[in-house]
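> Can you look at this prediction? I've put the sequence above it.
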Amino acid sequence: MTLAISIAITVLWGLAAAALAWYVASSASQVTYVTLADGRRQARNLPLLFKVLLPFVGNLDTMLDRPSFKDRISERERTLVSAGFEGLLNGREFVALEVLAPIVTGVVWCLAVASLGAVMPESPFATSGGVICVFGVALFALMPSLWLKSELKKRHTAIARALPFVLDLLTLSVEAGMDFISALQRNCKSRRMDPLNEELMRMTHEIQLGSSRREALQNMAARVNQSDLRSLAHALIQADEFGVSIGAMLRIQSDQLRSRRFDRAEKLAAEAPTKMLGPLMLCIFPAVFVILLGPVLIQVMKEMM
């Protein structure tokens, strides 16, 4: 009877593991998209953990309705929009993921550490299992916010790199006689789809739907929240208000962007020696130490033996 119960428990655990593996594999194979202003869909990669946990975020609706979560949800919503995930992931879902990630993955992590500690009694998993569990849970708790910051930084960096070139094209088009909106539309059609192109396309689409140029520029500056693009939007708004030539203003903005880009490059170059100290201390000095003293130590060991 005991043997039959053990076999049944083993089979049930095997079926549960197989079902979990199938669910994780099916979640990993899903491709997530955002819809652009012209109706096209653009792929956006979400971490596997998000794909696995997203179906369960609705269970936290009662908790997230509390006033204490309102500001956090709004802040995450703005950051997700700036990072390009609008329509795919909202602030409420992201806050729910921040709550679920350390709980679900923390339980799995602690069970794995306990199992390894039982199998290998002399390993760190047995002697320092509690510390490893706490470290793992803390890491999973920070993972969603770290991922969001990383995606936002990537998108802002891509916009900052593409903006001077786009401004040059717009300046040439406007000075050649095209109006600003036609130059924008021509630029969006001729360039590959990147974060800056997505935002410019959305701005032109808003203008076509009836928004004024001022409103569309303000919406883009608030949505992206990137310093260079915000400066450009404010300059265009002032040019409209004071009747300044768009071509001349675009050329001034392009020069200023290139100057700021050069300053950032100089700053990074000045920081490089400091950043190299870590790899130098961790890798090069030990290697030199081994190369210089290795033969001496080997000779000493031979003499002692």
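Structure received.

> My guess is Met249 contacts Ile237. True?
No: Met249 lies out of contact with Ile237 (C-beta atoms under 8 Å); the separation is 10.5 Å. Placement of C-beta: from N, CA and C, glycine included.

> For these two, indicate the residue with more neighbours.
Higher neighbour count among Met249 and Ile237: Met249, with 19 against 16, using other C-beta atoms under 10 Å.

> ok, the nearest residue to the more buried one once chain neighbours are set aside to Arg251 distance?
Excluding its sequence neighbours, the residue lying closest to Met249 (C-beta to C-beta, 6 or more residues apart in numbering) is Ala239, at 4.5 Å. For Ala239, the distance to Arg251 equals 12 Å [C-beta to C-beta, to the nearest Å].

> Over to Asp228?
Distance of Asp228 to Arg251, computed by C-beta to C-beta: 16 Å.

> Mind checking which of those two has more residues around it?
Asp228 (21 against 18).

> In contact with the more buried one: list those residues for me.
159-160, 163, 257, 260 (C-beta atoms under 8 Å, 6 or more residues apart in numbering).

> Let's have those in TSV, adding neighbour count, distance to Ser190 and secondary structure.
Output for these, formatted as TSV (neighbours: other C-beta atoms under 10 Å; distance: C-beta to C-beta, whole Å; DSSP: H, G, I helix; E, B strand; the rest coil):
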residue	neighbour count	distance to Ser190	secondary structure
Ile159	21	18	helix
Ala160	19	21	helix
Leu163	22	16	helix
Leu257	21	20	helix
Arg260	15	25	helix
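
> okay, among those, which ones form the most distant pair?
With C-beta to C-beta as the measure, no two of those lie farther apart than Ile159 and Arg260, at 13.1 Å.

> tell me the secondary structure for Met178?
Following DSSP: H, G, I helix; E, B strand; the rest coil, Met178 is assigned to coil.

> Can you tell me the element the nearest residue to it once chain neighbours are set aside falls in?
Of all residues not flanking Met178 in the chain, Arg186 sits nearest, at 7.3 Å (C-beta to C-beta, 6+ apart). Using DSSP states H and E, Arg186 falls within helix 180-190.

> What helices and strands are in contact with that helix?
On a contact count with 3 or more C-beta pairs under 8 Å, 6 or more residues apart in numbering; DSSP states H and E, helix 180-190 meets helix 129-175, helix 195-208.

> which one of these has the most crowded surroundings?
helix 195-208 (a mean of 20; mean count of other C-beta atoms under 10 Å).

> In terms of secondary structure, what does it contact?
helix 129-175, helix 180-190, helix 213-224.

> Which stretch among those approaches Leu280 most closely?
helix 129-175 (25.8 Å).

> how about whatever helix or strand Leu232 lives in: buried residues?
In this structure, Leu232 sits in helix 227-242 according to DSSP H and E. By neighbour count on 16 or more other C-beta atoms under 10 Å, the buried set for helix 227-242 is 228-233, 235-237, 239-240.

> and the angle from it to helix 129-175?
Angle, helix 227-242 to helix 129-175, by axes from the mean of the first three to the mean of the last three C-alpha atoms, to 10 degrees: 30 degrees.

> pull the CA atoms of helix 227-242 into PDB?
What follows is helix 227-242, C-alpha atoms only, in PDB (Å, rounded to 0.1, in the frame of the first residue of the first chain):
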ATOM      1  CA  SER A 227      15.400  65.800 -22.900                       C
ATOM      2  CA  ASP A 228      16.500  66.400 -26.500                       C
ATOM      3  CA  LEU A 229      13.100  65.700 -28.000                       C
ATOM      4  CA  ARG A 230      11.400  67.800 -25.300                       C
ATOM      5  CA  SER A 231      13.700  70.700 -26.100                       C
ATOM      6  CA  LEU A 232      13.000  70.300 -29.900                       C
ATOM      7  CA  ALA A 233       9.200  70.300 -29.200                       C
ATOM      8  CA  HIS A 234       9.300  73.400 -27.100                       C
ATOM      9  CA  ALA A 235      11.500  75.200 -29.700                       C
ATOM     10  CA  LEU A 236       9.000  74.300 -32.500                       C
ATOM     11  CA  ILE A 237       6.100  75.600 -30.300                       C
ATOM     12  CA  GLN A 238       7.900  78.900 -29.700                       C
ATOM     13  CA  ALA A 239       8.700  79.200 -33.500                       C
ATOM     14  CA  ASP A 240       4.900  78.800 -34.200                       C
ATOM     15  CA  GLU A 241       4.000  81.400 -31.600                       C
ATOM     16  CA  PHE A 242       6.600  84.100 -32.700                       C
END
